[in-house]
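K.L.:
can't give you the sequence, but here's the structure:
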């Protein structure tokens, strides 16, 4: 065989080998991308868990039916979501995360709602080298454990109540006395730690700093102490049930303040359904609210990509699952945004390999209807997304802070409990 013919043969063999490898590589892209997760569909966090599920289902439908699937390896691949009810229990989260990884072969994981439950599953996911996206676990401590594969979509807990304090200082520099009364839980303690630090920086005087145990049935002894301290501002709560109890018993005791902000509970429509006019004027920090102006145009102004449905599209998809009269809380929006973040990272990496997707996340900065997404590469903590403050005004949740995101002005000072009982609304 001549040298020229031999060279052609070598080229042919190499080319065939390359094509074979390329074909083999293509065949490694599965027909679907399985995302797994646990959801609290019963127990303490059932309302938040249900909202999360509807948000995930809306995002999944957008990705598969509107967007056409995830672009990876030259294919458009649909996503699937496998989930179990963790019953709001840490031990259930741990066993179910293990099951999702080892038995169901989930490629990526969504953490459950709440910081405590998110923390319960984090070491298991990290041990197996599976990405674990927190959409409802805000505690800063989650991202101080040195985990490699745990990342965050929502703002960290330490930032939840700081904008509320900024708002009060801006409206009323004479407001001085602040009371903190909150659940003894991972999430609430992290929120209040950040708020206390910020309150001191702003010159507020902390007159009460008290916790109550999870699942309280009577907060009146503690609230009586708060009333005696005569605070200008009250911050507290933890999750839905205790937040609702807190507001109800403040009304019973006629514990008035110029401004009140409660964690989690006021974000859900059921808060106003349960309390009626008692909810008027009460504020809450939100990761997102209907009406926040995140859009392709807003992303363009910032020089970043916009990805996912518009807010209007998300609302329509959400209501296909939740019902046409149900409005999403931020729990639904952040869960949907976590799914979209996975899709964006997979497409950026052009791979389903955990290491490549995690590395791609380090350089991502984009916007969804939920807001900006950008993580600290070292810890996985969210640093792009910002909180908003909402207030119940005339039976509606209105965004009141920051001014750039607001669709209403803050109502301050809020009506007293007696005024609300007489029919006064926090509406101008």
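P.N.:
Nice, I can see it. Since this is a predicted model, take the numbers as computed values, not measurements.

K.L.:
switch to C-alpha atoms for all contacts and neighbour counts from now on
P.N.:
Fine.

K.L.:
hey, where'd the strands end up in the stretch 151-300 of the chain?
P.N.:
177-183, 205-212, 233-237, 259-263, 283-286 (DSSP state E, counting those that start in this stretch).

K.L.:
Now mean pLDDT too, for those, in CSV please.
P.N.:
Converted to CSV, the strands of the stretch 151-300 of the chain look like this (pLDDT from 0 to 100):
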stretch, mean pLDDT
strand 177-183, 98
strand 205-212, 98
strand 233-237, 97
strand 259-263, 97
strand 283-286, 94
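
K.L.:
what residues does stretch 92-107 touch?
P.N.:
With contacts defined as CA atoms under 8 Å, 6 or more residues apart in numbering, stretch 92-107 is touched by 33-38, 82, 84, 86, 112, 117, 120-121, 124-125, 128, 130-131, 352.

K.L.:
Looking at those, which are in strands?
P.N.:
Of the contacts of stretch 92-107, the ones assigned to strands by DSSP state E are 33, 34, 35, 36, 37, 38, 82, 84.

K.L.:
OK, contacts around the fourth one?
P.N.:
For residue 36, the contacting residues are 81, 82, 83, 100, 106, 107, 108, 109, 110, taking CA under 8 Å, 6+ apart as the criterion.

K.L.:
Same question for the last one.
P.N.:
Listed by CA under 8 Å, 6+ apart, the contact set of residue 84 reads 37, 38, 39, 96.

K.L.:
Show me what it is bridged to.
P.N.:
Note on residue 84: beta-bridge partners by DSSP bridges are residue 38.

K.L.:
can you put the ones in strands among the contacts of stretch 92-107 in JSON lines and add pLDDT and distance to residue 304?
P.N.:
Converted to JSON lines, the ones in strands among the contacts of stretch 92-107 look like this (pLDDT from 0 to 100; distance: CA to CA, whole Å):
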{"residue": "33", "pLDDT": "98", "distance to residue 304": "26"}
{"residue": "34", "pLDDT": "98", "distance to residue 304": "28"}
{"residue": "35", "pLDDT": "98", "distance to residue 304": "26"}
{"residue": "36", "pLDDT": "98", "distance to residue 304": "29"}
{"residue": "37", "pLDDT": "98", "distance to residue 304": "29"}
{"residue": "38", "pLDDT": "98", "distance to residue 304": "32"}
{"residue": "82", "pLDDT": "98", "distance to residue 304": "31"}
{"residue": "84", "pLDDT": "98", "distance to residue 304": "35"}
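
K.L.:
Can I get those residues in CSV including distance to residue 236?
P.N.:
CSV is the format used below for those (distance: CA to CA, whole Å):
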residue, distance to residue 236
33, 40
34, 38
35, 34
36, 33
37, 29
38, 27
82, 35
84, 31
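
K.L.:
out of the contacts of stretch 92-107, which are buried?
P.N.:
33-38, 84, 86, 112, 117, 120-121, 124-125, 130-131, 352 (16 or more other CA atoms under 10 Å).

K.L.:
got the domain boundaries for the protein?
P.N.:
Split into domains by automatic domain parsing, the chain comes to 32-155+291-373, 159-286+394-421.

K.L.:
For my notes, please list the ones you listed in TSV and give distance to residue 387 for each entry.
P.N.:
Shown next, in TSV, are these (distance: least, CA to CA, whole Å):
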stretch	distance to residue 387
domain 32-155+291-373	7
domain 159-286+394-421	6
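
K.L.:
Looking at those, spot the one closest to residue 382.
P.N.:
domain 32-155+291-373 (5.2 Å; CA to CA).
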